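Asks: pasting a predicted model and its sequence here:
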Amino acid sequence: QFEVGEAAANPYNWPYNEKLVPNEFRRLPEDDAVKQRLTTWSRETEERIKKDDGLHWIGGHPQFVQEDVRYEPRLRKLNRVLLRLSSDDADICIGDSGEMNLMISRKDLRNADFDQAFCTWDCS
C-alpha cells in the first residue's frame with residue numbers, strides 16, 4: 001500500500017555526493033576528530049536512509065546499489081524518478097538484492113514525452 005510522503009535527498013544522490021557532502025572516501029581527514037565525525041556521519045546517513053526512505057517510491061530521487069549512471073554526460077538530464085523498486089525480502093526480488101529506477105528528465109515529464117525515459121537495474 002502506497003502512502004504520500006516526503007524523503008530528503010540523500011547524500012549519495014548525484015550531484016550531492018561530489019559537491020556538498022563530505023565523504024570519507026573522497027578526502028583525507030585533517031585529524032582523528034574529523035575522521036571520527038566522517039565515520040559517524042556515514043553510519044548515521046545509512047541508518048536514516050534505511051529508516052526514512054523506504055524501498056519503493058514514485059517520484060523523488062533515485063538510489064543506486066552500484067553507481068549513479070548520470071555521471072555519463074548523455075544521462076545527466078535524468079532528474080525525475082517515475083518509479084523505483086528495490087528487493088524487499090518479501091514480495092520483490094531484483095537480482096540478488098538489487099534495485100530498479102525508471103527515470104526521466106523534468107522537461108520530458110512535463111511534456112509527457114516518454115521516448116527518452118531510462119531504466120537502471122543494479123544488483124549488489
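Replies: The structure has been received and is ready for your questions. Numbering: from 1, shown residues only.

Asks: and the pLDDT for the residue of the chain most remote from its centre?
Replies: Note on the chain: the largest C-alpha distance from the chain mean falls to Asp31, namely 29.8 Å (CA atoms, centre = their mean). If you check Asp31, the pLDDT there is 80.

Asks: quick one, what contacts it?
Replies: If a contact means CB atoms under 8 Å, 6 or more residues apart in numbering, then Asp31 has no contacts. The C-beta positions use only the backbone N, C-alpha and C, and glycine is treated the same way.

Asks: centre-most residue in the chain?
Replies: Gln63 (2.1 Å).

Asks: give me the nearest residue to that residue, chain neighbours excluded.
Replies: Glu99 (6.4 Å; CB to CB, 6 or more residues apart in numbering).

Asks: list phi and psi for that neighbour.
Replies: phi -150, psi 160 (degrees, to the nearest 10).

Asks: circling back to that earlier point, roughly how far apart are the residue farthest from the centre of the chain and Arg37?
Replies: Using CB to CB, to the nearest Å, Asp31 is found at 10 Å from Arg37.

Asks: point out where this protein drops to low pLDDT.
Replies: The chain contains residues with pLDDT under 70 at 1-2, 6-29, 42, 46, 49-54, 124.

Asks: pull the distance from the helix ranked longest in the chain to the chain's centre.
Replies: Identified as the longest helix of the chain according to DSSP state H is helix 32-48. Relative to its parent chain, helix 32-48 has a centroid offset of 19 Å by CA atoms, centre = their mean, to the nearest Å.

Asks: following element in sequence after it, please.
Replies: strand 80-86 (DSSP states H and E).

Asks: pull the residues that contact whatever helix or strand comes next after that next one.
Replies: On the C-terminal side of strand 80-86, the nearest following helix or strand under DSSP H and E is strand 99-104. Here strand 99-104 makes contact (CB under 8 Å, 6+ apart) with 55, 62-65, 78-87, 94, 114, 116-122.

Asks: mind listing what's buried along stretch 113-124?
Replies: For stretch 113-124, the neighbour count (16 or more other CB atoms under 10 Å) marks Ala117, Phe118, Thr120, Asp122 as buried.

Asks: since that was my last question, I'll sign off now.
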